[in-house]
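Participant: here are the coordinates; sequence isn't available:
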Ligand code: HEM
């Protein structure tokens, strides 16, 4: 049956009825038709076993459990099905979960086979939350991968300057008094400022409204996506009307960025593409590379907002995890301090010096191993039927993820995997030949917080530079602790995502020894 024809047939039959009843009836039938059509469009996953019931409607119970206890659900599925693929219910679709043994076959499959962009659009509802250009034309990504990463050495003095200034402003400490601060929101401010120093430069990176709107935008994107995803997919455009407002957000951001973009275009026109005093930042690289519609200043504003979205919360969460563990385990401050002092005494604060801070690197990496940004990684959407070499069949339209939590807690890769061992990676790196593999930024099938393969996070070199500098700055400048008798604040888990506790506080004072 061709469901697309139903509305026409129905409208003919309704011609003689009272207009309002007709509209109501037509609307209902149309909704039902679209629902049936959408159910029919779901990929057939009956060959893949499920955790929980597959009975329609009742599977929502599984989705609720996944929302609350994703870690347990994933571990249960992995153990129950002996490492074979299984599926878990999310509110609007089934997600197929693959064990880490599939990573190497999966990671470099092309977009037309397993699409990263379509999977992110499903999970983050990019069309409605970040705007269509970010879904269809993400031209900022190669710029992050190349220009941003290449310039980290040149830009290091700016990064370091912004970090020191930002912590100073965020932590107004007096004498040797302790000050209690909400950790995640303080770190967000520091990360937002430092990242924007490199994305849009001074003075905008320090502007309160600019920072507030970027932090809020990222939260709104996630909120919008979570709510849209509670409804069947065909309802997304309708729900998005109530939940998102990309235009309003761009308006707000454009108020700040618009004049800067216009000014840079004017300077190029007047003095040429390499005009004297041209800022070295993400905005300049976007302007250099933009073609056609990408040159529209409002579209360019969207790219900057999207870059902030990718950068701020991921990086802030990563550093806050480390800060909580440091405050809960102050015995690690001394060895970290010794390392940073030795390296900085020899090299000063430089990108090269950071490369030598192995304990700092290891601490951050260990926190990402334990918590990462969640229990799943490498989400992709099957754009065509696909059969893995072991015969596992994935139908077109299926959403697939890797169970990173399984990889990160595998005793074969990590001795005492459930223990917090902040120097596990720096200890391994002492061994000959193990230098690169165990760096914070290195990705492999056993370490997936940045993904792995063709779409591995292109911003991770920038993030590592920033986060290592911030963490080193903290241990060199402050004493930190939790409140009397407090343990490491509990994480906040929602669905597959894991955030450090969003409201917990950490005590800071100027370093006394
Ligand atoms: C600790 C901080 C960060 C974490 C944990 C993180 C994590 C991730 C992960 C898991 C992915 C998906 C990888 C995959 O599915 O294979 C990703 C992609 C991405 N990340 Fe990050 N990220 C971080 C920081 C950043 C920063 C600072 C930027 C920008 C400067 C950034 C920009 C991006 C972009 C643009 C993508 C999409 C890549 C693509 O389409 O190929 N990320 N990130």
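Facilitator: In hand now; what should we look at? Treat the numbers as computed from the prediction; the structure is a model and nothing was measured. Numbers count the residues shown, from 1 in each chain.
Participant: within range of the ligand, give me the residues from the stretch 351-500 of the chain.
Facilitator: Proximity of the stretch 351-500 of the chain to the ligand, by Cβ under 6 Å from any ligand atom, involves residues 373, 377-378, 449-451, 455-460, 462-463. Any C-beta I mention is one placed from the backbone N, CA and C, and that applies to glycine too.
Participant: any idea which of these is least confident?
Facilitator: Ranked by pLDDT, these bottom out at residue 373 (86).
Participant: my guess is that residue meets residue 450, correct?
Facilitator: No: with contact defined as Cβ atoms under 8 Å, residue 373 and residue 450 do not form a contacting pair (9.2 Å).
Participant: ok, the two, which is more surrounded?
Facilitator: The residue with more neighbours, out of residue 373 and residue 450, is residue 450; 23 against 20, by other Cβ atoms under 10 Å.
Participant: isn't the more buried one right up against residue 441?
Facilitator: Yes: in this structure, residue 450 is within contact of residue 441 by Cβ under 8 Å, at 7.2 Å.
Participant: which residues do the two both contact?
Facilitator: Both residue 450 and residue 441 are contacted by residue 460, under the criterion Cβ atoms under 8 Å, 6 or more residues apart in numbering.
Participant: and residue 333, what is it in contact with?
Facilitator: By Cβ under 8 Å, 6+ apart, the contact set of residue 333 is 326, 475, 479-480.
Participant: now, the most widely separated pair of those?
Facilitator: The largest separation in these, counting by Cβ to Cβ, is between 326 and 479 at 10.5 Å.
Participant: more neighbours: which of the two?
Facilitator: Under the neighbour definition other Cβ under 10 Å, residue 326 and residue 479 were set side by side, and residue 326 has more, 24 against 18.
Participant: secondary structure element for the more buried one, which one?
Facilitator: helix 297-328 (DSSP states H and E).
Participant: repeat that for residue 418.
Facilitator: Using DSSP H and E, residue 418 sits within no helix or strand.
Participant: and it, how many neighbours?
Facilitator: Using other Cβ under 10 Å, residue 418 has 8 neighbouring residues.
Participant: tell me if I'm right that it and residue 409 touch.
Facilitator: Yes: between residue 418 and residue 409 there is a contact under Cβ under 8 Å: 6.3 Å.
Participant: state the distance from residue 374 to residue 177.
Facilitator: 37 Å (Cβ to Cβ, to the nearest Å).
Participant: who has more neighbours, the two?
Facilitator: residue 374 (20 against 9).
Participant: for residue 379, which three-state class applies?
Facilitator: When classified by DSSP: H, G, I helix; E, B strand; the rest coil, residue 379 comes out as strand.
Participant: so what's it closest to, chain neighbours aside?
Facilitator: Nearest residue to residue 379, sequence neighbours excluded (Cβ to Cβ, 6 or more residues apart in numbering): residue 119, at 4.2 Å.
Participant: where's that neighbour, which helix or strand?
Facilitator: Counting by DSSP H and E, residue 119 is part of helix 116-124.
Participant: show me what counts as buried in the next helix or strand after that helix.
Facilitator: Sequence-wise, the next helix or strand downstream of helix 116-124 (DSSP H and E) is helix 126-129. Across helix 126-129, burial judged by 16 or more other Cβ atoms under 10 Å covers 126-129.
Participant: just to revisit the earlier point, which two among the residues of the stretch 351-500 of the chain next to the ligand are spaced furthest apart?
Facilitator: Of all pairs in these, the most separated under Cβ to Cβ is 378 and 462 at 20.3 Å.
Participant: on that earlier part again, looking at the contacts of residue 333, which one is closest to the ligand?
Facilitator: For the contacts of residue 333, the minimum distance to the ligand (Cβ to the nearest ligand atom) is 16.4 Å, reached by residue 326.
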